[in-house]
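Enquirer: give me coordinates for this.
(one chain, ligands or ions: 1)
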Amino acid sequence: MTKPVDPLGLPAEVFFERFRGESLTFDDLCILQPRTIDFGVQEVDLSSRITRNILINSPLVSSPMEDISEYELAIAVALQGFPAVIHYNMTIEEQVEQVRKVKRFENGFVKDPITLGPSDTIAKAVEIRNQTGISTLPIADGGRLVGLLTKNDYSGRKHAEMTVAERMVPLEGLGHQIVRDDELPEEDTARLSRANDLLLESHAGVLLIVNGSGAIESLVTRTDIEKNEAFPDSIKDRHKSLVVGAAVTTSLGETRERAAALVSAGVDFLCIDSSHGNSSHEKAALEYLKAEHPDIDVIYGNVATAGGAIRGIEWGADAIRVGKGVGSICSTSQVSLGTRSQITATYSCARAVREYCSEKGIEPRIPVISDGGYATFSAIGKGLLFADAVMLGSMLAGTDEAPGAIIYDRQGRKLKSYKGMGSLEAVVRGSAARYDVQNFDDYVAEGVVGTVRSKGPVSQWVPQIKTGIRKCLQSLGYRSLEELHQAVFSGEILIERMSEAGKKEAGIHDLVEYRRDLPLD
Ligand code: IMP
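Expert: Numbering: from 1, shown residues only. All right, here's what the predicted structure looks like:
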């Protein structure tokens with residue numbers, strides 16, 4: 001341990017011992033700067049782990065909520081380096097389709113692409129485009145590739161009644177766009193890189209890969225290459241598709257079927273979504289999932305105590321989600337017990353998980369996700385002192401890609417609706433299992449329906465959040481989360497409790513008026 005920079009601050013372990021019996025949160029903490037800053041903000045590396053086996057490039061995850069995590073937001077955030085967890089307030093088929101849309105979005109090779117036959121109508125191509133967003137369609141006849149139809153080949157209005165054969169570019173016109181699979185290297189990365197090179201040289205928008213008998217095997221598109229170049233932080237699976245998770249309930253009957261369908265659609269991880277974790281229902285669901293789908297990582301929660309977190313690991317969890325009664329739309333603290341202020345909960349769980357994993361030799365360590373209550377960049381920075389990732393609700397609900405409805409208030413400000421999964425409105429539609437609802441007659445809502453300020457597209461808003469997190473690490477002198485955690489748990493970072501007067505001083509004060517142009521105002 002290096003020499004402490006100040007005699008008054010306390011290492012995390014001593015600090016939380018000193019406030020034993022008190023539930024503290026973000027604004028209660030002052031974090032002292034232990035190191036000299038000798039690097040720029042953009043040099044901070046934000047990579048982390050969301051579950052035991054899944055690496056991410058930004059230490060965030062979007063919450064499985066109706067007004068947040070559907071495919072549009074899932075794609076946008078995966079391009080920014082972190083995954084979304086698609087919520088379960090929809091049928092199994094709908095949730096599977098959401099996952100498919102994310103997985104199809106950016107493939108290196110689009111395997112088994114959707115095809116049409118020459119006698120199909122253009123109207124059918126339009127229907128596929130409307131439903132899936134896919135407009136590049138290889139045309140197959142008797143298993144052989146005979147042409148290609150793209151959005152440049154037809155007008156949905158003018159050619160709807162015509163056949164595909166009348167509008168497609170036939171095989172003879174596609175020579176430079178076709179390659180046989182045995183002409184590409186076998187190894188995955190070299191194969192994709194060669195295919196990309198061929199495509200970039202071809203002047204075309206798509207390269208078609210066929211097998212020895214002339215059947216279409218896969219394709220690579222120019223748009224995908226461009227997307228790759230524009231989003232260097234994007235997170236992908238080994239097939240080069242974006243990473244996405246999905247929520248399942250604690251109710252085993254339904255979860256069996258839902259999980260099986262999600263896994264076959266290619267979901268990367270599952271999250272058992274329960275507001276009151278550490279329950280026998282959730283244990284049964286987790287044990288079932290780990291036995292049936294051992295290769296799929298599962299997030300377990302929500303817990304707020306060290307004991308709850310350790311039990312999750314003993315039952316098979318690949319990540320622990322921490323947070324009870326702290327979400328912005330959450331009324332759980334007013335209607336039940338078991339809640340805890342977020343910083344004490346996160347520290348206590350993270351420390352227990354760390355100690356347990358090192359004692360049992362669990363490598364890599366099970367990540368801890370701190371979920372709920374995050375409304376400023378410094379709050380995220382404080383959560384990440386202890387957690388591996390922070391789960392966001394309200395901070396993403398205002399983005400253009402979030403599915404919540406747009407509303408204008410009396411001053412003409414653009415807002416978006418954002419409701420709790422425990423609000424009556426959401427529970428009726430499906431999240432009953434999250435709140436263990438047996439009977440709607442006496443249901444006590446654990447969440448409210450509200451609005452948040454519109455934030456614009458994810459591609460503009462999330463980079464600000466990432467810079468905010470980088471600034472938090474840089475302001476203490478750390479270049480990565482790993483370095484930060486090492487310093488927190490070795491006692492290098494010192495903490496003090498902020499007084500009520502200190503909190504006032506930390507806000508903007510003593511001005512007659514000021515322009516509210518902070519990113520979160
Ligand atoms: P936020 O980021 O502060 O808006 O909190 C989001 C988190 O609140 C979610 O990830 C859930 O853990 C939690 N949550 C979502 N809906 C409800 C609810 O209706 N009641 C209580 N907690 C909720």
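Enquirer: CA only for contacts and neighbour counts going forward, please
Expert: Will do.
Enquirer: ok, how many other residues are close to the closest residue to Gly143 other than its chain neighbours?
Expert: Spatial nearest neighbour of Gly143, excluding adjacent residues (CA to CA, 6 or more residues apart in numbering): Ala215 at 5.5 Å. Each residue near Ala215 was counted by other CA atoms under 10 Å, and the total is 17.
Enquirer: how many residues are close by Tyr347?
Expert: Tyr347 has 25 nearby residues by other CA under 10 Å.
Enquirer: just the buried positions in whatever helix or strand it lives in, please.
Expert: Using DSSP states H and E, Tyr347 maps to helix 342-360. Counting neighbours by 16 or more other CA atoms under 10 Å, one finds that the buried residues in helix 342-360 are 342-354, 356-357.
Enquirer: next one: stretch 219-238
Expert: By neighbour count on 16+ other CA under 10 Å, the buried set for stretch 219-238 is Leu219, Val220, Thr221, Arg222, Asp224, Ile225, Asn228, Asp233, Ser234, Ile235, Lys236, Asp237.
Enquirer: who's in contact with Ile299?
Expert: Neighbour list for Ile299: Thr51, Phe269, Leu270, Cys271, Ile272, Ala317, Asp318, Ala319, Ile320, Arg321 [criterion: CA atoms under 8 Å, 6 or more residues apart in numbering].
Enquirer: again, only using 6 Å
Expert: Cys271, Asp318, Ala319, Ile320 (CA atoms under 6 Å, 6 or more residues apart in numbering).
Enquirer: quick one: it is in a strand?
Expert: Yes: assessed with DSSP: H, G, I helix; E, B strand; the rest coil, Ile299 lies in a strand.
Enquirer: what pairs with it across the strands?
Expert: When assigned by DSSP bridges, Ile299 has beta-bridge partners Cys271, Ala319.
Enquirer: check what pLDDT it gets.
Expert: With respect to pLDDT, Ile299 has a value of 98.
Enquirer: with Leu286 instead?
Expert: Value for Leu286, per-residue pLDDT: 97.
Enquirer: which helix or which strand is home to it?
Expert: With DSSP H and E as the test, Leu286 turns up in helix 280-292.
Enquirer: buried residues of that helix, list them for me.
Expert: Those buried within helix 280-292 under the rule 16+ other CA under 10 Å are Glu282, Lys283, Ala285, Leu286, Glu287, Tyr288, Leu289, Lys290.
Enquirer: ok, back up a step: so which of the contacts of Ile299 wins on neighbours?
Expert: Ile320 (31 neighbours).
Enquirer: ok, that residue touching Arg365?
Expert: No: in terms of CA atoms under 6 Å, Ile320 does not count as a neighbour of Arg365; the distance is 11.0 Å.
Enquirer: thought Ser62 was touching Ala84?
Expert: Yes: Ser62 lies in contact with Ala84 (CA under 6 Å); the separation is 4.5 Å.
Enquirer: and which of the buried residues of helix 342-360 is nearest to the ligand?
Expert: Gln342 (10.3 Å; CA to the nearest ligand atom).
Enquirer: thinking that closest one is in contact with Phe26, fair?
Expert: No: if you go by CA under 6 Å, Gln342 and Phe26 don't touch, sitting 7.5 Å apart.
Enquirer: which residues of the stretch 401-521 of the chain score low on pLDDT?
Expert: When residues are selected by pLDDT under 70, those of the stretch 401-521 of the chain lie in 431, 433-436, 517-521.
Enquirer: for the ligand, what are the nearby residues on it?
Expert: Gly420, Met421, Gly422, Ser423, Glu446, Gly447 (CA under 6 Å from any ligand atom).
Enquirer: list only buried entries from those.
Expert: Gly420, Met421, Gly422, Ser423, Glu446, Gly447.
Enquirer: redo these as CSV? Include distance to Arg180.
Expert: Compiled in CSV, these are given as follows (distance: CA to CA, whole Å):
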residue, distance to Arg180
Gly420, 52
Met421, 50
Gly422, 53
Ser423, 55
Glu446, 57
Gly447, 56
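Enquirer: am I right that Ile465 is in a helix?
Expert: Yes: Ile465: assigned to a helix according to three-state DSSP.
Enquirer: separation between the closest residue to it other than its chain neighbours and the ligand?
Expert: Once flanking residues are discounted, Ile465 sits nearest to Phe377: 6.5 Å by CA to CA, 6+ apart. Computed as CA to the nearest ligand atom, to the nearest Å, the Phe377 to the ligand distance reads 12 Å.
Enquirer: pull the contacting residues for the most far-flung residue of the chain relative to its centre.
Expert: Ranking residues of the chain by C-alpha distance from their mean position (CA atoms, centre = their mean) puts Glu172 at the top, at 43.8 Å. Residues counted as contacts of Glu172 (CA under 6 Å, 6+ apart): none.
Enquirer: returning to that earlier point: pretty sure the residue nearest to Gly143 contacts Leu145?
Expert: Yes: using CA under 6 Å, Ala215 makes contact with Leu145 at a distance of 5.4 Å.
Enquirer: gap between the helix holding Leu286 and the chain center?
Expert: 22 Å (CA atoms, centre = their mean, to the nearest Å).
Enquirer: dump that helix to CSV, keeping only the CA atoms.
Expert: C-alpha atoms of helix 280-292 as CSV (Å, rounded to 0.1, in the frame of the first residue of the first chain):
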residue,chain,number,x,y,z
SER,A,280,-36.6,-20.0,-3.1
HIS,A,281,-38.5,-19.3,-6.5
GLU,A,282,-35.4,-17.6,-7.8
LYS,A,283,-33.1,-20.3,-6.5
ALA,A,284,-35.1,-22.9,-8.4
ALA,A,285,-35.1,-20.8,-11.6
LEU,A,286,-31.3,-20.3,-11.4
GLU,A,287,-30.5,-23.9,-10.7
TYR,A,288,-32.7,-25.0,-13.6
LEU,A,289,-31.2,-22.5,-16.0
LYS,A,290,-27.6,-23.5,-15.1
ALA,A,291,-28.4,-27.2,-15.4
GLU,A,292,-30.3,-26.9,-18.7
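Enquirer: residues touching that helix, excluding its own?
Expert: Taking CA under 6 Å, 6+ apart as the rule, helix 280-292 contacts Thr250, Leu252.
Enquirer: what does this protein put close to the ligand?
Expert: 63, 325, 327-332, 371-374, 391-394, 420-423, 446-447.
Enquirer: from the residues you listed, which ones fall inside strands?
Expert: Asp371, Met391, Leu392 (DSSP state E).
Enquirer: just the buried ones from those?
Expert: Buried residues within those, counting neighbours by 16+ other CA under 10 Å: Asp371, Met391, Leu392.
Enquirer: isn't the last one right next to Ser62, touching?
Expert: Yes: shown here, Leu392 and Ser62 form a contact pair, counting by CA under 6 Å, at 5.1 Å.
Enquirer: re earlier: who are the neighbours in contact with the residue nearest to Gly143?
Expert: Counting by CA under 6 Å, 6+ apart, Ala215 has contacts Gly143, Arg144, Leu145.
Enquirer: where neighbours are concerned, which of these has the most?
Expert: Highest count within the contacts of Ala215 by other CA under 10 Å belongs to Leu145, 24 neighbours.
Enquirer: so that residue sits in a strand?
Expert: Yes: counting by three-state DSSP, Leu145 falls inside a strand.
Enquirer: against the ligand, how distant is it?
Expert: 47 Å.
Enquirer: kindly report the same for Glu94.
Expert: Counting by CA to the nearest ligand atom - Glu94 and the ligand are separated by 20 Å.
Enquirer: so Gly156: helix, strand or coil?
Expert: coil.
Enquirer: ditto for Val96
Expert: Assignment for Val96 (three-state DSSP): helix.
Enquirer: still on that earlier bit, wait, which of the ones in strands among the residues of the chain next to the ligand is closest to Asp442?
Expert: Asp371 (27.7 Å; CA to CA).
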